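Asker: Show me the folded form of this:
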Amino acid sequence: MIEEPYRWVEAIANRREYIEAQLAPGSPIAALGCRDGILFVTLGQTRQKIFEIYDRIAMGAIGHPGDIERLRMAAIELASTEGFTRSATDVSLRRLVHYSLSPAMKSAFEQVYGAPYLARMLFAEVGDQPNEDLFLRVEYDGEIATNGATYAQARQDFAALSGTEQSRELMETFLATQHTSDATLEAALNSALDAWSIGHMTLQTGDTKKTPEHAAVRKHRQEQLANAGIEAALLERGGNRAIRYRSLPDKELRPLIRD
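Answerer: Residues are numbered from 1 along each chain as shown. Down below sits the predicted model:
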């Protein structure tokens, strides 16, 4: 226990406040289930935010590049070890997150004399059917949120990640009304870009009371697309390939964008 005046609870509160401030500028990420699989989308200019982890699993992350890379490599190593010692079909996103990554992040966060992970992650595992898709969000303190149905909410066919909780919630509110699991890749892309714009606008303005107007969202989207590239990947559904991850280049997606 830390002696007065820096008690452990106070130290944890200060640490949480610091991490939240560091993550706040992070560019949002949207992940949407659709006919073709699970689509990850974000906008950026330099740093990669979407990664392949294992056959059916992908990850999006915001935070410090070094911490993101450490966690990415840990996830790949854990999944590869599981697949080698057992079988590829035994590699499960739930096992990967619940039994390995989340405990490690929780431990790092609570050890106040050590450095925490400055990262917030979104994982997805594509299923053979849309209702089998799994999304897991992992916070810097090891907290896990899932798209699975609970007593308090229905199952979601999408997930979002952003620099603040308020920004993410507005993205999810939008997607809950605008996205369906049978959407085409084109429709999913446009919904993801609108959700990204809502999250990004919220981070810039700080207005978290309501979702921005449609015209303002589209204007912001056009402005950002003029100066940033689209980073996207698809976890493909079905097919004979074991590895479902496919990067989608910016030039392939631009023709699908609706004004």
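Asker: wait, doesn't Pro130 sit right on Asp157?
Answerer: Yes - counting by CB atoms under 8 Å, Pro130 touches Asp157, with 6.1 Å between them. To be clear about C-beta, it is placed using only N, CA and C from the backbone, and glycine gets the same treatment.
Asker: between the two, which one's more packed in?
Answerer: Legend: neighbour count by other CB atoms under 10 Å for Pro130 and Asp157, higher for Asp157 (22 against 18).
Asker: OK, contacts around the more buried one?
Answerer: Leu32, Gly33, Pro130, Asp133, Asn147, His179, Thr180, Ser181 (CB atoms under 8 Å, 6 or more residues apart in numbering).
Asker: Of all pairs in those residues, which one spans the longest distance?
Answerer: Using CB to CB, the contacts of Asp157 span at most 14.2 Å, a distance reached by Asn147 and Thr180.
Asker: Please identify which of the two sits among more neighbours.
Answerer: Asn147 (21 against 16).
Asker: Find me the pLDDT at that one, would you?
Answerer: Here the pLDDT value assigned to Asn147 is 80.
Asker: ok, it to Phe135 distance?
Answerer: Look at Asn147 and Phe135: by CB to CB, to the nearest Å, they are 4 Å apart.
Asker: Next: Met121.
Answerer: Taking CB to CB as the measure, Met121 falls 11 Å from Phe135.
Asker: same question, Glu252
Answerer: Taking CB to CB as the measure, Glu252 and Phe135 are separated by 24 Å.
Asker: again, but for Ser92
Answerer: 14 Å.
Asker: mind listing the helices for the stretch 51-200 of the chain?
Answerer: Ranges of helices in the stretch 51-200 of the chain, per DSSP state H, counting those that start in this stretch, are 65-85, 93-96, 102-110, 165-178, 185-205.
Asker: remind me which residues of this structure are low pLDDT?
Answerer: Scanning the chain for pLDDT under 70 picks out the ranges 1-6, 148-155.
Asker: If we use 80, what do you get?
Answerer: Across the chain, the ranges flagged by pLDDT under 80 are 1-8, 45, 148-155, 206-209, 239-240, 259.
Asker: tell me the strands in it, going along the chain?
Answerer: 29-34, 37-44, 50-54, 57-63, 119-125, 134-138, 144-146, 158-161, 229-236, 245-248 (DSSP state E).
Asker: Out of the ones you listed, the one nearest Met201 is which?
Answerer: Closest of the strands of the chain to Met201 is strand 37-44, at 12.3 Å (criterion: CB to CB).
Asker: residues of the closest one that come out buried?
Answerer: By 16 or more other CB atoms under 10 Å, the buried positions in strand 37-44 come out as Gly37, Ile38, Leu39, Phe40, Val41, Thr42, Leu43.
Asker: Redo those as JSON lines? Include distance to Gly199.
Answerer: Supplementary listing: the buried residues of strand 37-44 in JSON lines, determined by distance: CB to CB, whole Å:
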{"residue": "Gly37", "distance to Gly199": "22"}
{"residue": "Ile38", "distance to Gly199": "18"}
{"residue": "Leu39", "distance to Gly199": "16"}
{"residue": "Phe40", "distance to Gly199": "14"}
{"residue": "Val41", "distance to Gly199": "11"}
{"residue": "Thr42", "distance to Gly199": "10"}
{"residue": "Leu43", "distance to Gly199": "10"}
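Asker: Ala226: which of the residues you listed is nearest?
Answerer: Leu43 (10.8 Å).
Asker: how much space between the closest one and Phe109?
Answerer: 29 Å.
Asker: Phe135 too?
Answerer: From Phe135 across to Phe109, the span is 22 Å (CB to CB).
Asker: In terms of neighbours, single out the busier of these two.
Answerer: For Phe135 versus Phe109, the count of surrounding residues by other CB under 10 Å is larger for Phe135: 24 against 21.
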